[in-house]
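>>> fold the following for me, if possible:
(2 chains)
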Protein chains: 2
Amino acid sequence: MGQTSVTPVIDSRSSAAERLSLNTMTTQRLSFEEAVDLALRLEVPALGLWRDKVEEVGLEEAARRLREAGVRASSLCRGGFFTAADPDGVAAAVADNRRAVDEAAALGAPELVIVAGGLPDGDRDLLAARQRVADRIGDLAPYAAERGVRLALEPLHPMFVADRAVISTLEQALDLAADHDPAVVGVVVDTFHVFWDPAAEAMVARAGREGRISSYQVCDFNLPIPEGALLARGMMGDGHIDFERWTRAVTAAGYTGDVEVEIFNADIWSRDPVEVVTQMRARYDELVAPWL
Amino acid sequence: MGQTSVTPVIDSRSSAAERLSLNTMTTQRLSFEEAVDLALRLEVPALGLWRDKVEEVGLEEAARRLREAGVRASSLCRGGFFTAADPDGVAAAVADNRRAVDEAAALGAPELVIVAGGLPDGDRDLLAARQRVADRIGDLAPYAAERGVRLALEPLHPMFVADRAVISTLEQALDLAADHDPAVVGVVVDTFHVFWDPAAEAMVARAGREGRISSYQVCDFNLPIPEGALLARGMMGDGHIDFERWTRAVTAAGYTGDVEVEIFNADIWSRDPVEVVTQMRARYDELVAPWL
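Okay, the predicted model is just below:
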């Protein structure tokens, strides 16, 4: 803690409160209904949705419930996993991603988070895998454009390059996006994934200039990295990330959208979700909101 | 396996055999004496030395034993841990690094591997930590130059940015080195640390142009990442790295020095070191040597 030194202005806090989004992964043992109820109860105005939560209740019911509750869907997670090299794998990826675009449109989620996918089994050719990601984005972009959904390319921390995302840096994501209309292909700035990168601050500025910041996601980088690495994400303030620096950078880049809190963490998943989201709001108010 | 498709030429294999170096971390339960004996027995012409192994027998005895055995020290590992912000911490780091330079000189190791160090406890300011690393390199470079030892800056995989090395990319290492004579400050190309980086291949070429490749270190990137992440390094061929690509890049950049095999891996550490080094030679011959 203790990263903030300036008393926040009430107006910016109030506006910041309207930008907070709870990603359903942070409270992953809650059902879709329970997550919506908790957002209402704790005045979190938006949810970042994972597709499995939506499937639980069905797409139409999920969309209806969000409208009824007045809770926005800040994004849908996730499309992607675009690295298959065989024709069947390519066709399956394209079909699944079209469904994901349709779901985002139905839910009113403006952004579909795209996680590129890792190397196919036994394949070590990163350059070819990265080219296939570019090809699949090209396949999907017109479909997404027609439905008013933006593909939000998310670079993942390089620890995930082999198994989850061959897109490892913001620069790489922006270069991939460059062939497309900024209204159709953007990038995600996730503190966990970019904070280590010496080039990332300049790339946040570039993303802003190019009109491509689809989403700002916050969580901390905790040590030690647990086995499998997926659950190293932590509550803001518990790890090693300077949220003032990254939030200032995103703000300076002109971003005015939602701020999603997405935390994969075994300890947080084991705790009372009310307590987790209450702490999340407090940490957001202290560490992120003053710089929005 | 199966990354190679061209039959190697005998001459290049013979020359490659003279460039193989066993890093003592790969056989970490062997004493210094045992490591030298194993290198002799299995005709490995060089050792990459960690300071703790040298301390076991004392610097003079270690240097004498290497000379007597005709085994080269390809590098000494490690100096660095340069990120302390307090005057006592800075003084301690400078003093320890001077000792490391002296040890490298005494052992005939031309390269002192520098691992930058992570963030001090509770400190989240990566930019300031990176500046302190630049400052400490500036402090140490004249001392190293006088003793004929090159400071080999090693970028570490970004998973280690908070606890081990705030230098995360080859580009960053080269930018830090740029203020200094290439004979005094170089960079390490370690496959584990750089293979994910979309910019790394171009940076290997830049390192070659600038005369700064101090060391080429090989090991694989294994999944799943074990708890703590340190032991994710694997035997070449067991993981996800394309050794043809990186070895070709280093060769094209003009590198003609040693190729060190440095593997932190609990399974490998538990096996018979003779078997491990025999396998290491075979994998080196198959996956690395053809492209040297």
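
>>> which SSE is A:Val189 in?
If you go by DSSP states H and E, A:Val189 is part of strand A:185-190.

>>> same for that strand, what does it pack against?
strand A:111-115, strand A:150-153, helix A:170-177, helix A:200-209, strand A:213-218 (3 or more Cβ pairs under 8 Å, 6 or more residues apart in numbering or on different chains; DSSP states H and E). Yep, even glycine has a C-beta here, placed from its N, CA and C like the rest.

>>> could I get these as JSON lines with mean neighbour count?
As requested, the helices and strands packed on strand A:185-190 are arranged in JSON lines below (neighbours: other Cβ atoms under 10 Å in any protein chain shown):
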{"stretch": "strand A:111-115", "mean neighbour count": "27"}
{"stretch": "strand A:150-153", "mean neighbour count": "28"}
{"stretch": "helix A:170-177", "mean neighbour count": "22"}
{"stretch": "helix A:200-209", "mean neighbour count": "19"}
{"stretch": "strand A:213-218", "mean neighbour count": "27"}
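
>>> quick one, which of those is nearest to chain B?
Relative to chain B, the nearest member of these by Cβ to the nearest Cβ is helix A:170-177, separated by 4.9 Å.

>>> pull the CA atoms of the closest one into PDB?
Provided in PDB are the C-alpha atoms of helix A:170-177 (Å, rounded to 0.1, in the frame of the first residue of the first chain):
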ATOM      1  CA  LEU A 170       1.700  -4.700 -26.000                       C
ATOM      2  CA  GLU A 171       3.800  -3.700 -29.000                       C
ATOM      3  CA  GLN A 172       3.200  -7.100 -30.600                       C
ATOM      4  CA  ALA A 173      -0.600  -6.700 -30.000                       C
ATOM      5  CA  LEU A 174      -0.600  -3.200 -31.500                       C
ATOM      6  CA  ASP A 175       1.400  -4.400 -34.500                       C
ATOM      7  CA  LEU A 176      -1.200  -7.200 -35.000                       C
ATOM      8  CA  ALA A 177      -4.000  -4.700 -34.600                       C
END
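
>>> same for that helix, what does it pack against?
Helix A:170-177 is packed against helix A:126-146, strand A:150-153, strand A:185-190, helix A:200-209, with contacts defined by 3+ Cβ pairs under 8 Å, 6+ apart.

>>> for A:Asn222, find the nearest of these.
Smallest distance to A:Asn222 across the helices and strands packed on helix A:170-177 (Cβ to Cβ): 14.5 Å, for strand A:185-190.

>>> quick one, that closest one and helix A:126-146 angle?
110 degrees (axes from the mean of the first three to the mean of the last three Cα atoms, to 10 degrees).

>>> got the contact list for strand A:185-190?
With Cβ atoms under 8 Å, 6 or more residues apart in numbering or on different chains as the contact definition, strand A:185-190 has outside contacts at A:111, A:113, A:137, A:141, A:150-155, A:170, A:173-174, A:176-177, A:179, A:204, A:207, A:211-219, A:246, A:250, A:255, A:262.

>>> and A:Arg233, its phi and psi?
Per-residue torsions, A:Arg233: phi -70, psi 140 (degrees, to the nearest 10).

>>> so what's it up against?
A:Arg233 sits in contact with A:Phe192, A:Cys219, A:Asp220, A:Phe221, A:Asn222, A:Glu262, A:Ile263, A:Phe264, A:Asn265, where contact means Cβ under 8 Å, 6+ apart.

>>> what is the nearest of the residues you listed to A:Gly80?
The closest of the contacts of A:Arg233, once distances to A:Gly80 are taken by Cβ to Cβ, is A:Glu262, at 15.2 Å.

>>> any idea how far that closest one lies from B:Ile225?
20 Å (Cβ to Cβ, to the nearest Å).

>>> again with A:Ala141
Distance from A:Ala141 to B:Ile225, by Cβ to Cβ: 33 Å.

>>> if we can go back for a sec, would you reformat the helices and strands packed on helix A:170-177 as a markdown table and include mean pLDDT and distance to A:Arg65?
Output for the helices and strands packed on helix A:170-177, formatted as a markdown table (pLDDT from 0 to 100; distance: least, Cβ to Cβ, whole Å):
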| stretch | mean pLDDT | distance to A:Arg65 |
| --- | --- | --- |
| helix A:126-146 | 98 | 24 |
| strand A:150-153 | 98 | 23 |
| strand A:185-190 | 98 | 25 |
| helix A:200-209 | 98 | 33 |
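
>>> I'd like those as a markdown table, with distance to B:Asp102 appended.
Converted to a markdown table, the helices and strands packed on helix A:170-177 look like this (distance: least, Cβ to Cβ, whole Å):
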| stretch | distance to B:Asp102 |
| --- | --- |
| helix A:126-146 | 41 |
| strand A:150-153 | 50 |
| strand A:185-190 | 45 |
| helix A:200-209 | 38 |
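
>>> to A:Leu38, which of the ones you listed lies closest?
strand A:185-190 (22.4 Å).

>>> now for the residue positioned nearest the centre of chain A: which residues touch it?
With distances taken as Cα atoms, centre = their mean, A:Gln217 lies nearest the centre of chain A, 5.3 Å away. Counting by Cβ under 8 Å, 6+ apart, A:Gln217 touches A:Asn23, A:Gly48, A:Val188, A:Val189, A:Asp190, A:Thr191, A:Phe192, A:Val259, A:Glu260, A:Val261, A:Glu262.

>>> quick check, pLDDT for the first one.
If I follow you right, that is A:Asn23. In the prediction, the pLDDT value recorded for A:Asn23 is 98.

>>> give me phi/psi at it?
According to degrees, to the nearest 10, A:Asn23 has phi -80, psi 130.

>>> and what of the second one?
In terms of degrees, to the nearest 10, the main-chain angles of A:Gly48 are phi -90, psi 120.

>>> contacting residues for it?
Contacts of A:Gly48 (Cβ under 8 Å, 6+ apart): A:21-25, A:73-75, A:77, A:215, A:217, A:258, A:260, A:262.

>>> mind running it again at 7 Å?
Contacts for A:Gly48 (Cβ atoms under 7 Å, 6 or more residues apart in numbering or on different chains) come out as A:Ser21, A:Leu22, A:Asn23, A:Thr24, A:Ser74, A:Ser75, A:Cys77, A:Glu260, A:Glu262.

>>> the closest residue to it other than its chain neighbours and A:Ser75, how far apart?
Ranked by Cβ to Cβ, 6 or more residues apart in numbering or on different chains and with sequence neighbours excluded, the top spatial neighbour of A:Gly48 is A:Asn23, at 3.6 Å. Remark: distance between A:Asn23 and A:Ser75 (Cβ to Cβ) = 8 Å.

>>> where do the contact lists of those two overlap?
What both A:Asn23 and A:Ser75 touch, as defined by Cβ under 7 Å, 6+ apart, is the set A:Gly48, A:Glu260.

>>> separation between A:Ile263 and chain B?
Separation of A:Ile263 from chain B (Cβ to the nearest Cβ, to the nearest Å): 17 Å.

>>> all set now, cheers.
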